Structures are given as C-alpha cells and as structure tokens.
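Novice: Below are the sequence and a predicted model for it; my questions follow.
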Amino acid sequence: MGFSVADPLLPKAVDVFLHLGDLVSLGHWAMVAIDMMGVPNIPEEVGEWFAGDWSEVARASDALMRLGAFCDSAATGLHSEMDSLAADWEGRAASAAVGYFTDLAAPRGARPRSGIWRATATSPT
C-alpha cells in the first residue's frame, strides 16, 4: 500500500511564473551552485527549523482524512449491524446494547462526555 501526497496548492505554470525573478537573482544562482556542491542549504535548514516540514504536514493531513473516512465507514457498519441486532433481540440487554452502539456510532461532537472528560470539560480554567 503506497502513500499519496497532497496535491500542490499552485499549478506548475503559476509556480514557474512566480519564480521568474530567480533567473536574474545572483543569490538564487549562488544557492544552486552550493546545492550542486553538496553543501547543506543553510537558509533552507533554518527555514525548516522555524516553519516545519510541510511535506510531512501534507502526509499527516492525508492520514487524518483517511482516518476520518475509516471512522465514517465504521459508523455506517455499526448502524447496519445494530439494526439487524435490534430486529432479533429483545429485553433490557438488547436496549442497553442498542444504546451503547448508537452512542459509539454517533459523530464525536454529538457524544455525551463521560468520566474524567466530563469533569475536565466543565471545570473552570
């Protein structure tokens, strides 16, 4: 299973147009020469230290989107199984199970907070 990377924000043609000034920049050509010599790119390293690695942010974004799709699919499966369970099972245990799975499949913002999370959510900061 391969990992995909987020699509670039700018089309290639727009990116090239925005960097036309690099063709006449002595600093740009100095950095190209330094890069060809294999010396670490100090401005890039410092920039990454301050701004972070955006390709990793894009990978994390893709992972979170896939996780969200998985959770939606799991909730749909839970609803389907809960419907078949409720049709064949009766009594207090059945009602408790249906209530549990309904809460489990609910969107995260719609779930009631319980235990320590309820205490921390209502305590003043």
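Specialist: All right, it came through fine. Numbers count the residues shown, from 1 in each chain.

Novice: With residue 94 as the reference, measure out to residue 35.
Specialist: Relative to residue 94, residue 35 is positioned 67 Å away (Cβ to Cβ, to the nearest Å). No exception for glycine: its C-beta is placed from N, CA and C like everyone else's.

Novice: Correction: the previous question concerned residue 81.
Specialist: 13 Å.

Novice: got it, and residue 80?
Specialist: Residue 80 is 17 Å from residue 94, by Cβ to Cβ.

Novice: same deal with residue 105?
Specialist: 16 Å.

Novice: Equivalent analysis for residue 106, please.
Specialist: With Cβ to Cβ as the criterion, residue 106 and residue 94 are 19 Å apart.

Novice: For the helix or strand where residue 60 lies, what is the distance to the chain centroid?
Specialist: Using DSSP states H and E, residue 60 falls within helix 54-88. Centroid separation for helix 54-88 versus its chain: 13 Å, with Cα atoms, centre = their mean, to the nearest Å.

Novice: Buried residues, that helix. List them.
Specialist: Buried residues in helix 54-88, defined by neighbour count with 16 or more other Cβ atoms under 10 Å: 58, 78, 82.

Novice: Ramachandran angles for the residue of the chain positioned farthest from its centre?
Specialist: Going by Cα atoms, centre = their mean, the residue of the chain most distant from its centre is residue 91, 41.1 Å out. Main-chain torsions, residue 91, degrees, to the nearest 10: phi 110, psi -180.

Novice: For stretch 106-121, the averaged confidence score.
Specialist: On average, the pLDDT along stretch 106-121 is 54.

Novice: With stretch 41-53 instead?
Specialist: 79.

Novice: same check, this time on stretch 8-17
Specialist: What stretch 8-17 shows for mean pLDDT is 81.

Novice: Likewise for stretch 70-86?
Specialist: Average pLDDT, stretch 70-86: 85.

Novice: contact partners of it?
Specialist: For stretch 70-86, the surrounding residues in contact (Cβ atoms under 8 Å, 6 or more residues apart in numbering) are 94, 97, 98, 101, 102, 104, 105, 106, 107.

Novice: Take those residues and keep only those in strands.
Specialist: Judged by DSSP state E, strands contain none of the contacts of stretch 70-86.
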